[in-house]
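Peer 1: I'd like to go over a predicted model; first the sequence, then the structure.
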Amino acid sequence: MGTLLKKSRNTSPSEIREGPYRSIFDTASDGLIITDLETSRVVDANPAACIRHGYSSEEFIGLQLTAFIHPDSQHGFSEQIRAFQSDGVFDIRVLDVCQDGSTFNAEWRGTALTYLNRPCLLGIIRDVSKRIHAEQLLHQRVEARTREQSTLLEVSHSLASTLELQPDLILKQLRGIMEYSHAVLFGLTDSTMSTLALRGCPGSSTERGPQQLEQGVLFQVRLEGPETQAALFNGHRPIRIADVYSADPDAKFLRLLLNGDAAVLLEGVRAWMWVPLAVKDRLLGGLGVAHTRRNYFTAHHAALALSLADQVAISMVNAELYEHTRALDALQERQHLAQNLHDAVNQSLFSAGLIAEVLPRLWERNPQEALHSLEDLRRLTRGALAEMRALLAELRPNTLTDTELGDLLRLLGNAFTGRTNIPVVVTVNGEGGLPAETQVTLYRICQEALNNIAKHAKASRVEIDLRYVSGGLDLHIRDNGHGFDPGKTTSGHYGLTMMHERAEAVGSVLAITSQPGQGTEVAIHWEVQESS
């Protein structure tokens with residue numbers, strides 16, 4: 001066809017109509033249209049062009065271009081015609097309209113031609129609808145995978161920023177990577193599974209489940225014997241059930257397991273997926289996901305859910321370790337907090353690994369966005385290094401007492417920034433020595449304040465101001481987050497209570513100033529006691 005275009009510039013009308021080029025013109029599989037550039041009318045067209053547009057040759061020849069170029073494409077087409085007359089290049093994708101009103105994506109490429117002593121455009125028209133559809137599907141898949149990776153990264157950040165498990169948030173984030181009718185998060189204690197959270201799809205037939213949960217009716221499932229636990233553990237692999245009411249052995253097992261009150265979880269659904277929450281060989285619970293459509297969950301769904309479940313399992317272990325610290329002495333507490341910091345490093349490295357996996361594809365699609373991801377990767381690795389330094393500090397019992405308090409606060413700030421991407425400015429004025437117990441306590445209070453900021457504040461900046469004054473010091477931790485009403489804190493807010501108790505134990509005064517929309521300030525004043 002390239003030969004035809006090159007030779008057509010010097011081809012006479014009779015050669016096209018009757019000469020050797022006519023057979024090529026008529027038998028070409030692509031549509032060929034000769035258009036008068038002054039009148040914008042079709043002066044000749046081959047059978048492929050006529051058939052694709054749904055016209056006979058007699059009907060098609062003589063048509064204005066506007067008759068078969070979609071209105072949405074006409075402006076761009078006209079601009080291309082004007083540019084073509086000056087630079088001789090014609091290459092555009094437009095939407096063509098058939099005689100019956102249907103449309104298709106057409107790729108037009110053309111060359112100049114003198115026909116019947118008039119300037120014309122010889123256009124080659126190719127239907128690229130399938131190619132564009134394939135490109136759109138590929139784009140949708142890339143967007144879906146990017147969204148999934150982004151959600152998993154967000155989950156990782158959320159779980160790494162707190163030592164307390166947030167079951168409802170986990171199920172909410174799960175919906176960001178897959179659709180479901182309802183999902184339930186189970187925790188395993190001894191041989192009993194209890195619901196930690198249940199989330200349903202509004203308007204679905206399974207909404208009775210979430211209503212029961214809101215009323216305080218929690219499901220408990222008794223596991224009979226180690227065989228049942230082994231079946232749920234399933235080698236740390238998800239179980240996909242195409243139809244919960246089928247004769248499949250997994251479906252029968254599920255119906256026997258979810259009996260009594262828990263049977264409501266099977267009402268109105270067909271497909272079910274069970275994902276174990278496990279660390280090594282220890283089963284901590286499970287994630288159950290249901291859908292009304294039979295055989296809905298794919299292997300890709302299972303892989304995504306398992307990635308999330310593994311992070312949740314680590315978070316559950318962290319939360320468990322955090323609860324244990326309440327009953328331990330100072331040395332045990334340091335050891336467990338160091339373990340939690342170690343887990344935080346794992347979370348940062350996991351997040352960095354997700355970015356590293358997506359980065360090559362992202363670079364091809366959007367280099368600018370890839371540069372941002374590279375910056376995230378750099379921040380995560382620096383944060384992991386800061387977390388590891390904090391870990392080493394806590395693993396050495398003398399480090400928290402032999403290191404200057406200002407240096408310890410900078411270490412906390414760097415680790416916090418690496419984990420949350422929230423900048424922390426640490427200012428130290430003056431210097432002085434502190435009793436060992438006082439220094440460790442102030443370090444712990446600052447650590448807890450940063451954990452609360454990460455969990456609740458949604459801040460974009462944190463300031464830590466340490467000032468040594470005559471006979472003591474003042475320590476201020478400020479954030480520009482959402483703030484709260486100190487008089488309306490929820491019951492069981494262990495973090496604030498623990499900070500007050502710790503401050504009182506070393507003879508310091510702690511005050512928390514906050515109001516909604518105005519951020520929060522934790523102020524600690526400590527003075528040397530005469531008996532010290």
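Peer 2: Sure thing, it's come through.

Peer 1: wait, doesn't E369 sit right on V358?
Peer 2: No: at 10.2 Å, E369 does not count as touching V358 under the criterion of CB atoms under 8 Å. For the C-beta atoms, the positions are set from N, CA and C on the backbone; glycine is no exception.

Peer 1: who has more neighbours, those two?
Peer 2: Taking neighbours as other CB atoms under 10 Å, E369 and V358 compare with V358 leading, 20 against 13.

Peer 1: do you know how far A263 is from V221?
Peer 2: Separation of A263 from V221 (CB to CB, to the nearest Å): 10 Å.

Peer 1: find residues that contact each of these two.
Peer 2: Counting by CB atoms under 8 Å, 6 or more residues apart in numbering, A263 and V221 have no shared contacts at all.

Peer 1: for L37, give me its contacts.
Peer 2: So L37 contacts 81, 85, 118-121 (CB under 8 Å, 6+ apart).

Peer 1: what does A262 give?
Peer 2: 219-221.

Peer 1: again, only using 10 Å
Peer 2: Counting by CB atoms under 10 Å, 6 or more residues apart in numbering, A262 makes contact with 184, 186, 193, 195, 209, 218-221, 288.

Peer 1: ok, of the residues you listed, which one's closest to F25?
Peer 2: G288 (65.1 Å; CB to CB).

Peer 1: quick check: next helix or strand after the host helix or strand of that closest one?
Peer 2: Using DSSP states H and E, G288 falls within strand 282-291. As assigned by DSSP H and E, the chain's next helix or strand after strand 282-291 is helix 299-324.

Peer 1: give me the number of residues near L450?
Peer 2: There are 27 residues near L450, going by other CB under 10 Å.

Peer 1: skipping its backbone neighbours, what lies nearest it in space?
Peer 2: Spatial nearest neighbour of L450, chain neighbours left out: F416 (4.8 Å); criterion: CB to CB, 6 or more residues apart in numbering.

Peer 1: isn't the one you found right up against V424?
Peer 2: Yes: in terms of CB atoms under 10 Å, F416 counts as a neighbour of V424; the distance is 5.6 Å.

Peer 1: show me the shaky parts of the stretch 251-400 of the chain.
Peer 2: 322-352, 370, 382-397 (pLDDT under 70).

Peer 1: T497: how many residues sit nearby?
Peer 2: Neighbour count for T497, taken as other CB under 10 Å: 11.

Peer 1: wait, is it part of a strand?
Peer 2: No: going by DSSP: H, G, I helix; E, B strand; the rest coil, the assignment for T497 is helix, not a strand.

Peer 1: and it, how far from L510?
Peer 2: Distance from T497 to L510, counting by CB to CB: 11 Å.

Peer 1: more neighbours: A263 and V221, which one.
Peer 2: V221 (21 against 12).

Peer 1: quick one: secondary structure of the more buried one?
Peer 2: Once three-state DSSP is applied, V221 turns out strand.

Peer 1: pretty sure it contacts T228?
Peer 2: Yes: V221 lies in contact with T228 (CB under 10 Å); the separation is 9.5 Å.

Peer 1: break the chain into its domains for me.
Peer 2: The chain breaks down into these domains under automatic domain parsing: 2-127, 162-296, 403-532.

Peer 1: adding distance to L306, write these out as JSON lines.
Peer 2: Shown next, in JSON lines, are those (distance: least, CB to CB, whole Å):
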{"stretch": "domain 2-127", "distance to L306": "39"}
{"stretch": "domain 162-296", "distance to L306": "6"}
{"stretch": "domain 403-532", "distance to L306": "24"}
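
Peer 1: can you tell which of those is closest to L362?
Peer 2: domain 162-296 (17.3 Å).

Peer 1: tell me the one of the contacts of A262 nearest V42?
Peer 2: Distances from V42 to the contacts of A262, taken by CB to CB, are shortest for G288, at 62.8 Å.

Peer 1: please report how far the closest one lies from E179.
Peer 2: From G288 across to E179, the span is 15 Å (CB to CB).

Peer 1: quick one: which of these two has more around it?
Peer 2: Comparing G288 with E179 by other CB under 10 Å, the one with more neighbours is G288, at 25 against 11.

Peer 1: cross-check the contact I'm expecting between that one and A271.
Peer 2: No: G288 is beyond contact range of A271, at 11.4 Å (criterion: CB under 10 Å).

Peer 1: quick check: neighbours shared by these two?
Peer 2: Shared contacts of G288 and A271 (CB under 10 Å, 6+ apart): Y180.

Peer 1: distance of the nearest residue to A242 once chain neighbours are set aside relative to S181?
Peer 2: Setting aside the residues directly before and after it, A242 is nearest to N295 in space (CB to CB, 6+ apart), at 3.9 Å. Going from N295 to S181 by CB to CB gives 14 Å.

Peer 1: next, the residue nearest to L450: phi, psi?
Peer 2: Phi and psi for F416, reported as degrees, to the nearest 10, are phi -60, psi -40.

Peer 1: what about it, distance to G430?
Peer 2: Applying CB to CB to F416 and G430 gives a distance of 23 Å.

Peer 1: more neighbours: which of the two?
Peer 2: Neighbours were counted for F416 and for G430 using other CB under 10 Å; F416 has more, 27 against 11.

Peer 1: show the pLDDT at the more buried one.
Peer 2: The model reports F416 with a pLDDT of 86.

Peer 1: the one 5 residues further on now?
Peer 2: The score at N421 is 83. That number is its pLDDT.

Peer 1: setting the sequence-adjacent residues aside, check what's closest to it.
Peer 2: Using CB to CB, 6+ apart and skipping the chain neighbours, the partner closest in space to N421 is R379 (6.0 Å).

Peer 1: again, but for A302
Peer 2: P238 (4.0 Å).

Peer 1: neighbours of the one you found, how many?
Peer 2: When neighbours are counted by other CB under 10 Å, P238 registers 21.

Peer 1: my guess is it contacts A305, does it?
Peer 2: Yes: counting by CB under 10 Å, P238 sits close enough to A305 to count as a contact (6.1 Å).

Peer 1: common neighbours of the two, please.
Peer 2: What both P238 and A305 touch, as defined by CB under 10 Å, 6+ apart, is the set 273-275, 287, 289, 297.

Peer 1: ok so, going back, looking at the contacts of L37, which are in strands?
Peer 2: The members of the contacts of L37 that map onto strands under DSSP state E are 118-121.

Peer 1: can you list those in CSV and add pLDDT, distance to V89 and neighbour count?
Peer 2: Output for those, formatted as CSV (pLDDT from 0 to 100; distance: CB to CB, whole Å; neighbours: other CB atoms under 10 Å):
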residue, pLDDT, distance to V89, neighbour count
R118, 88, 21, 13
P119, 90, 15, 12
C120, 90, 16, 25
L121, 91, 12, 23
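
Peer 1: I'd like to know how many residues surround F77.
Peer 2: Neighbour count of F77, defined by other CB under 10 Å: 18.

Peer 1: in a helix, it, correct?
Peer 2: Yes: inclusion of F77 in a helix is indicated when three-state DSSP is applied.
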